[in-house]
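Student: give me coordinates for this.
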Amino acid sequence: MSVTPAALVGEPTVQQLYPLGAMAGRTITLAAAIAAPLDVMLMSVLTLDQINMPFLCLIGFALVAAASLTVVIESSPLRAPFTRRSAMFAYVWANLAYVFGSAATFGTNEHLRDDYGPVVVGIIILSLAPYRPAKELAVAGVLSAILVGSVTLLQAPYIVTPASPFVYALAAMTPLLLLSLGAATFTDVVVKGLERWRRQARIAVGARGEDDKNWIARSVQQDRVTILNRDVVPFFAELLHDKLMTADDIERARIISDSIRSVMVAEVDRSWLESVIETTTALHGTGPVEVGAITDERRLAQRMSTDQRSAMRAFLVALFGHPAFTTTDFSVDVSEIAARCTVELTARLDCPENQVKSEFAPYFAVMRILFADLEVELEQPSLTLKFSYEQ
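Tutor: Modelled structure (predicted):
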């Protein structure tokens, strides 16, 4: 599912525009996050004779581990979207790790090729490609490269290979710039492709708009004709045949009239959320939800955007179709607080917590993008979702 700009919480990222795509690519992110501390360990062992301050080297490793852990935790679909604040922690810790690692070998660092710092910082930035904007990734890469170049100039007198200090700086900056600018380019291309696809989709939807309206009108008309053919037409046919109206006929006419009126009033009063739940229960054969389970007296559910409705509908279909779900204890409460509408959905799922998280992770990932304050609470066997949206 892609997300339109109106649904974004702020930034043009792959995760914002295509949350399921970002989730599918998380394996690469995890691999990059794990590779960073492993690279530090390997290169530290290989250059052990150049480390004159082991304590600083340990601090550098701890900072790389902290940056990688931040990427692993914050890229989880259960914590989407990946915020700028979390990214800043990863950037800062990765660069501090480079500074401490360089300080641990200051004066004894003889070769640039065995310095892990620039590559590790580049890997951390690369791992954030699906979650952060292209401009931010590029700026982070350039600023980090400037830091790497500055530190390399300080180390230049101790490098044994004869060359200009600026050549050393350029050599140290190159892998970092390649990784970070490559990440920024990838993000920029994907985001622009998604935006172009969305524009084309909007044009196509607009072209079909009038046809859809006509189809809906015909569908509603057909529903009304079906009701008339089933109840009213046979009644009138009997009256024409008998040519005499009795007291029973009058009572039957009243019952038919009340029945049709109640159906039409119910359809008018029913919100899209109630319609979705009713259709879904019929589709999966779970039985109707309890009376009063859906509380939306002011019809606030109607104020969700199209994307928010789509995400909510997809989640409900998956929820009602889950083998561990029953309509017992299911409820949806939609209320209004200040200028926002709040939703609290409770359901019963008799299955392990890890199973719920893994099977519903794609839906949570999309909903976290569309409802930025989504809270998921799991207290077996109860699942509770809390979120809000602007009116």
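Student: tell me the SS of Asp115?
Tutor: Using DSSP: H, G, I helix; E, B strand; the rest coil as the criterion, the local structure at Asp115 reads coil.
Student: list the contacts of Asp350.
Tutor: Asp350 sits next to 324, 326, 381 when contact means Cβ atoms under 8 Å, 6 or more residues apart in numbering. For glycine as for every other residue, the C-beta is placed from the backbone atoms N, C-alpha and C.
Student: hang on, I meant Ala94
Tutor: By Cβ under 8 Å, 6+ apart, the residues touching Ala94 are 36, 63-64, 67, 120-121, 124-125, 144.
Student: buried ones among these?
Tutor: Buried residues within those, defined by neighbour count using 16 or more other Cβ atoms under 10 Å: 36, 63-64, 67, 120-121, 124-125, 144.
Student: which residues of the stretch 101-250 of the chain fall in helices?
Tutor: Read by DSSP state H, counting those that start in this stretch, the stretch 101-250 of the chain holds these helices, from start to end of the chain: 117-127, 134-155, 165-227, 233-242, 247-269.
Student: quick one: contacts of the first one?
Tutor: Read it as helix 117-127. The set of residues that contact helix 117-127 without belonging to it, under Cβ under 8 Å, 6+ apart, is 28-29, 32-33, 35-36, 39-40, 64, 67-68, 71, 75, 90-91, 94-95, 97-98, 101-102, 137, 140-141, 144-145, 148, 172-180, 182-183.
Student: coming back round to it: which of the contacts of Asp350 are buried?
Tutor: Buried members of the contacts of Asp350, counted by 16+ other Cβ under 10 Å: 326, 381.
Student: wait, which of the contacts of Ala94 is closest to Glu375?
Tutor: Minimum distance to Glu375 across these is 26.7 Å, recorded for Ala67 (Cβ to Cβ).
Student: so that closest one lies in a helix, does it not?
Tutor: Yes. Membership of Ala67 in a helix is supported by three-state DSSP.
Student: wait, doesn't it sit right on Val40?
Tutor: No. When contacts are counted by Cβ atoms under 8 Å, Ala67 is not listed as touching Val40 (10.5 Å).
Student: what do these two both touch?
Tutor: Taking Cβ under 8 Å, 6+ apart as the contact definition, Ala67 and Val40 share the neighbouring residues Ala97.
Student: and for Phe371, the neighbour number?
Tutor: When neighbours are defined as other Cβ atoms under 10 Å, Phe371 has 21 of them.
Student: just say helix, strand or coil for the closest residue to it other than its chain neighbours.
Tutor: Computed as Cβ to Cβ, 6 or more residues apart in numbering, the closest residue to Phe371 that is not its neighbour in sequence is Phe387, at 3.7 Å. Phe387 carries the three-state label strand when classified by three-state DSSP.
Student: show me the contacts for Phe387.
Tutor: With contact taken as Cβ under 8 Å, 6+ apart, Phe387 is in contact with 342-343, 367, 371, 373-375.
Student: about what we covered before: now, among the contacts of Ala94, which is nearest to Gln308?
Tutor: Distance to Gln308, by Cβ to Cβ, is smallest for Ile125 among these, at 32.1 Å.
Student: let me know the pLDDT of the closest one.
Tutor: The confidence metric pLDDT takes the value 94 at Ile125.
Student: quick one, what contacts the nearest residue to it once chain neighbours are set aside?
Tutor: Sequence neighbours aside, Ser180 is the residue nearest to Ile125 in space, at 4.4 Å (criterion: Cβ to Cβ, 6+ apart). Ser180 is in contact with 122, 125-126, 137-138, 140-142, 144-145, counting by Cβ under 8 Å, 6+ apart.
Student: re the thing from before, can you name the two of the contacts of Ala94 that sit furthest apart?
Tutor: Across these, no pair lies farther apart than Leu63 and Ile125, at 14.9 Å, counting by Cβ to Cβ.
Student: of all the contacts of Asp350, which comes closest to Ala318?
Tutor: The nearest member of those to Ala318, counting by Cβ to Cβ, is Ala324 at 11.9 Å.
Student: burial measure for the residue lying closest to the closest one once chain neighbours are set aside, as a count.
Tutor: Distances taken as Cβ to Cβ, 6+ apart put Cys351 closest to Ala324, at 3.9 Å, once the chain neighbours are dropped. Using other Cβ under 10 Å, Cys351 is surrounded by 15 other residues.
Student: that's a helix at Cys351, yeah?
Tutor: No. The assignment for Cys351, made by three-state DSSP, is coil rather than a helix.
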